[in-house]
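Engineer: Okay, predicted coordinates and the sequence, questions at the end:
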Amino acid sequence: MQDFYRQDLAYIHDIGYGDHARKSAAGIQQILADNDICDGLIVDLGCGSGISALEFSRLGYGVFGIDISDAMITLARARVPQAQFQTASLFQVELPPCQVVMSIGECLNYRFDSNNNENLLIQLFERIYQALTPGGLWVFDIAEPGQVDKNNNQHFTEGSNWLVLVEKEEDPQKSTLTRRIITFRQDGCHY
């Protein structure tokens, strides 16, 4: 598997942006409760560093997490040793029978995965449908147009030992959002 989120970016994503996974997990827990899904297997497509997997494992669900990044899977396995994880493209992995499939963090939009194209997306939808048990749920999010502030398309986020610079560009004609991300992580006295 290619190094899409290598060690430094995986660390920064985990420590600096983990709140999205935590907050999403709480909302998904409510959706599951509203649909009387109290146990069973959750397949987490684009599982990242396992933050959501930990929350669902604590509640008694089984979790099978898939992420394209070896570095993210390494963090996930350390965080949730009782869950199963696989490094793979979410567009190619075989899905086991399950009660829930989730994909949070706009993973369905990411075009750096060369397996993300319209045909494979349709095939993924079909595989998800086939994997879900009767009454099962698919919970996902996607990036929508309008994320770019035309007056300020650059911003930075800073942690105690890291910095992320992001520049966004939206092309309405191509229906694309491009993010250019530069990361710095402290290594001793240097970045």
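Structural biologist: Thanks, I have the structure now.

Engineer: can you pull out the helices in this protein?
Structural biologist: Assigned by DSSP state H, the helices in the chain fall at 7-34, 51-58, 70-79, 118-131.

Engineer: out of those helices, nearest to residue 42?
Structural biologist: The stretch from the helices of the chain with the least distance to residue 42 (Cβ to Cβ) is helix 51-58; that distance is 5.3 Å. Yep, even glycine has a C-beta here, placed from its N, CA and C like the rest.

Engineer: Show me what the closest one is packed against.
Structural biologist: For helix 51-58, the packing partners by 3 or more Cβ pairs under 8 Å, 6 or more residues apart in numbering; DSSP states H and E come out as helix 7-34, strand 41-45, strand 62-67, helix 70-79.

Engineer: Residue 97 is nearest to which of the helices of the chain?
Structural biologist: When those are compared by Cβ to Cβ, helix 118-131 sits nearest residue 97, at 5.9 Å.

Engineer: And the average pLDDT for that closest one is what?
Structural biologist: In this model, helix 118-131 has an average pLDDT of 92.

Engineer: Could you measure from the residue most central in space within the chain over to residue 105?
Structural biologist: The C-alpha lying nearest the average C-alpha coordinate of the chain belongs to residue 46 (Cα atoms, centre = their mean; 3.5 Å). With the distance defined as Cβ to Cβ, to the nearest Å, residue 46 ends up 6 Å from residue 105.

Engineer: same check, this time on residue 26
Structural biologist: Residue 26 is 15 Å from residue 105, by Cβ to Cβ.
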